[in-house]
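Visitor: Okay, structure incoming, though there's no sequence with it:
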Ligand code: ATR
């Protein structure tokens, strides 16, 4: 079939990925002649696995665990955004060459802007819990939104220290309850609170009633952190929007159509 747009997501394992559900929903909704597949590529076969996609005429693909960093070596060009975040999650293939970008920072910021439209990033300090890939994307977005001060804290302090510069300061994990006092925004980027993982142990009474709490965990959608915050009338934003909005960008790049994030799609991604 001519002009059939082949896209997908590479990872290992990949069966848990929600991306095929999201992209194929939009492919059907917008009448795109194409398909988005889950592609399992073992880390030992990254190069040959990606070459196969090039040979098969793929237009692009998303990149998930554990390939977000190693894919960078295979890219012909990486944009400044992905370079700064230090990871590629979206690749476009042109003339057999890979062009890498990162849409996680966009997804993170858009999730908050759409779901908490009155929130003012510039109003005060933000606290980021965790220092992995998601934390890096959040950091990038917060700096772009002109947050005046960012505190980052992580169980492994060294990883937080490595991200500290300028307005970004790192503190000990044990000090997190002091850091959240007076914060304008608190973001959980750790896996704590996820189904099967321990809960994030923070003292919610220390949080200002005017703060916004965002958990990037979306399984469950309402983590203990978010449930407790909600019960204290603190504004919350769940994590599913980050996944949906980061997907928008890739879809746009490959299919030339800007897709909408709807409640129906959110429910589908959570099913
Ligand atoms: P992602 O790319 O989604 O951010 P990641 O890089 O594996 O995933 O990061 C997971 C984050 O959760 C890290 O900040 C990790 O802390 P460490 O750097 O110390 O590993 C954090 N995390 C995972 N389990 C944790 C736990 N039991 N207590 C505190 N932090 C935890």
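Guide: Structure's in. What do you need? Bear in mind that the values here come from a model prediction, so they are computed numbers and not experimental data.
Visitor: which bits of the stretch 51-200 of the chain sit near the ligand?
Guide: Applying CB under 6 Å from any ligand atom, we find that the stretch 51-200 of the chain lies next to the ligand at 130-135, 154-156, 159, 189-192, 198. From N, CA and C alone the C-beta is placed, and that goes for glycine too.
Visitor: Drop anything exposed from these.
Guide: The neighbour-count criterion (16 or more other CB atoms under 10 Å) marks 130-131, 133-135, 154, 159, 189-190, 192 among these as buried.
Visitor: Residue 137 touches residue 108, doesn't it?
Guide: Yes. Between residue 137 and residue 108 there is a contact under CB atoms under 8 Å: 5.5 Å.
Visitor: contacting residues around the lengthiest helix in the chain?
Guide: With secondary structure taken from DSSP state H, the chain has its longest helix at helix 240-255. Outside helix 240-255, the residues within contact range by CB atoms under 8 Å, 6 or more residues apart in numbering are 5, 7, 18-19, 22-23, 26-27, 30, 32, 34, 59-60, 62, 89-90, 92, 101, 103-104, 106-108, 110-112, 114-115, 216, 218, 221, 257-259, 261, 265-266, 269-270.
Visitor: can you rerun that using 6 Å?
Guide: Applying CB atoms under 6 Å, 6 or more residues apart in numbering, the set of residues contacting helix 240-255 from outside is 5, 7, 22, 26, 32, 59-60, 62, 90, 92, 103-104, 106-108, 110-111, 115, 216, 218, 258-259, 261, 266.
Visitor: Sort out for me which of those residues are in strands.
Guide: Secondary structure defined by DSSP state E assigns 5, 7, 60, 62, 90, 92 of the contacts of helix 240-255 to strands.
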